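Enquirer: Build me a structure from this.
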Amino acid sequence: MEKQMDVTQILKEAVGRKASDVFIVAGLPVSFKISGNIQRVDEEKLRPEHTEQLVKEIYTLAHNRDIASVTKGGDDDFSFSIPGVSRFRVSAYKQRGSLAAVIRVVTFELPDPKELCIPDVVLGLAGRSKGLVLVTGPAGSGKSTTLACIIDVINRTRSAHVITLEDPLEYLHLHKKSIVSQREVMTDTESYVKALRAALRQSPDVILLGEMRDYETINVAMTAAETGHLIFSTLHTIGVANTIDRIIDAFPPNQQHQIRVQLAMVLQAVVSQQLIPTVDGKVVPAFEVMLVNGAIRNMIRESKVHQIDSVIYSSAGEGMLSMDQSLLELYRRGIISERDALTYSANQDMMAKKLKAL
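Expert: Sure, this is the predicted structure:
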């Protein structure tokens with residue numbers, strides 16, 4: 001990158017190279033995150049005056065947004081678009097006295113679920129008419145991408161009003177068979193809870209709630225699912241049992257029995273995912289899928305959540321999938337290594353035996 005390269009050129013290059021994030025930080029060359037790895041654009045380190053100039057250019061592109069938010073407050077989050085290039089979400093901040101920014105690329109182009117190895121049973125959740133569907137996993141495990149693919153299936157196949165409440169917007173959905181209203185927290189609305197309550201008055205069929213962050217959001221989401229809407233959301237939990245416990249534990253002890261009953265009624269499915277390194281240096285998601293049936297509803301109601309794993313393991317014919325089955329299949333197809341199949345498995349002793357048998 002030459003010195004005169006401006007922010008627009010940097011962002012065009014990021015989009016061209018399919019980067020998810022751009023880092024503008026003093027003491028480091030401009031860097032892109034591509035397939036989960038940070039790559040330096042060149043060897044020339046940015047000095048504080050360079051980062052200040054680039055951050056100022058970003059604020060100019062964002063319809064001359066007031067830079068005082070970051071120069072005085074130290075942090076600022078906002079979005080802007082470059083016509084014909086993409087939309088971008090910016091987190092500008094101060095570090096060691098100099099201005100810095102991390103820019104998320106919001107893509108117009110939705111990923112191909114087959115390339116991402118998203119199972120058909122996960123995409124099939126788009127056909128549910130009501131209830132609560134959760135996609136869980138650690139930060140950066142591809143939950144938003146999985147949900148974007150499910151929403152795209154709805155958009156292409158159903159005549160529905162889909163409302164997405166996100167922080168930030170990561171994919172842009174064009175209106176196809178459905179109407180898709182995308183709302184960004186802090187840009188279009190104050191909070192998830194306020195937007196979710198408003199959404200219930202906007203004739204929704206499907207609501208995507210970016211994250212169930214707290215007791216209040218979970219409560220409103222459960223009520224929305226109870227009143228006949230299809231609600232998709234995420235939690236930063238690993239595994240189905242942990243997800244159910246996390247929701248129940250968000251409520252005061254005197255309400256937990258009632259929430260178990262409510263959750264047993266509205267929960268439709270839990271998809272838990274984690275990203276696994278591939279043999280060719282990329283990443284691929286591995287999935288655990290629980291589809292709620294009568295036995296699982298009883299387990300949730302009767303506080304026997306720890307027994308759910310065995311139901312998932314023995315219900316492959318119903319479309320359920322355990323994490324270890326998913327890892328084994330990725331290994332069998334030559335996508336991940338034996339070592340990683342073992343490292344990321346839930347039951348390492350059992351996985352070791354199965355790998356040996358293969």
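
Enquirer: give the contact list for residue 135.
Expert: By C-beta atoms under 8 Å, 6 or more residues apart in numbering, the residues touching residue 135 are 143, 146-147, 232-234, 271-273. For the C-beta atoms, the positions are set from N, CA and C on the backbone; glycine is no exception.

Enquirer: which strands and helices sit next to whatever helix or strand residue 299 lives in?
Expert: Secondary structure assignment for residue 299, by DSSP states H and E: helix 294-301. Counting contacts by 3 or more C-beta pairs under 8 Å, 6 or more residues apart in numbering; DSSP states H and E, helix 294-301 packs against helix 256-266, helix 308-314.

Enquirer: Same list, those helices, but as TSV with mean neighbour count, mean pLDDT and distance to residue 182 please.
Expert: Supplementary listing: the helices and strands packed on helix 294-301 in TSV, determined by neighbours: other C-beta atoms under 10 Å; pLDDT from 0 to 100; distance: least, C-beta to C-beta, whole Å:
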stretch	mean neighbour count	mean pLDDT	distance to residue 182
helix 256-266	17	96	24
helix 308-314	17	91	33
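
Enquirer: so which of the ones you listed comes closest to residue 37?
Expert: Nearest to residue 37 among the helices and strands packed on helix 294-301 is helix 308-314; the distance by C-beta to C-beta comes to 32.1 Å.

Enquirer: mind listing what's buried in the helix or strand following that closest one?
Expert: Under the assignment DSSP H and E, the closest C-terminal helix or strand after helix 308-314 is helix 323-332. Within helix 323-332, the residues that count as buried by 16 or more other C-beta atoms under 10 Å are 323-331.

Enquirer: which secondary structure elements does helix 323-332 contact?
Expert: strand 267-277, strand 283-291, helix 338-343, helix 348-357.

Enquirer: redo that, cut-off 6 Å
Expert: Counting contacts by 3 or more C-beta pairs under 6 Å, 6 or more residues apart in numbering; DSSP states H and E, helix 323-332 packs against strand 283-291.

Enquirer: Give me the angle between the helix holding residue 299 and strand 267-277.
Expert: 90 degrees (axes from the mean of the first three to the mean of the last three C-alpha atoms, to 10 degrees).

Enquirer: Show me which positions of helix 294-301 end up buried.
Expert: In helix 294-301, counting by 16+ other C-beta under 10 Å, buried: 296, 299-300.

Enquirer: Take these and write them to JSON lines, including pLDDT.
Expert: Below are these laid out as JSON lines (pLDDT from 0 to 100):
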{"residue": "296", "pLDDT": "96"}
{"residue": "299", "pLDDT": "97"}
{"residue": "300", "pLDDT": "97"}
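
Enquirer: list the contacts for residue 299?
Expert: 307-308 (C-beta atoms under 6 Å, 6 or more residues apart in numbering).

Enquirer: whoops, residue 268 was the one
Expert: Contacts of residue 268 (C-beta under 6 Å, 6+ apart): 128, 131, 133, 292.

Enquirer: Work out for me the element residue 77 sits within.
Expert: strand 75-82.

Enquirer: Next secondary structure element downstream of that strand?
Expert: Scanning forward in sequence from strand 75-82 by DSSP H and E, the next helix or strand is strand 86-95.

Enquirer: Just checking the distance from that next one to the centre of its chain.
Expert: Centre-to-centre, strand 86-95 and its host chain are 18 Å apart (C-alpha atoms, centre = their mean, to the nearest Å).

Enquirer: average pLDDT for it?
Expert: Averaging pLDDT along strand 86-95 yields 93.
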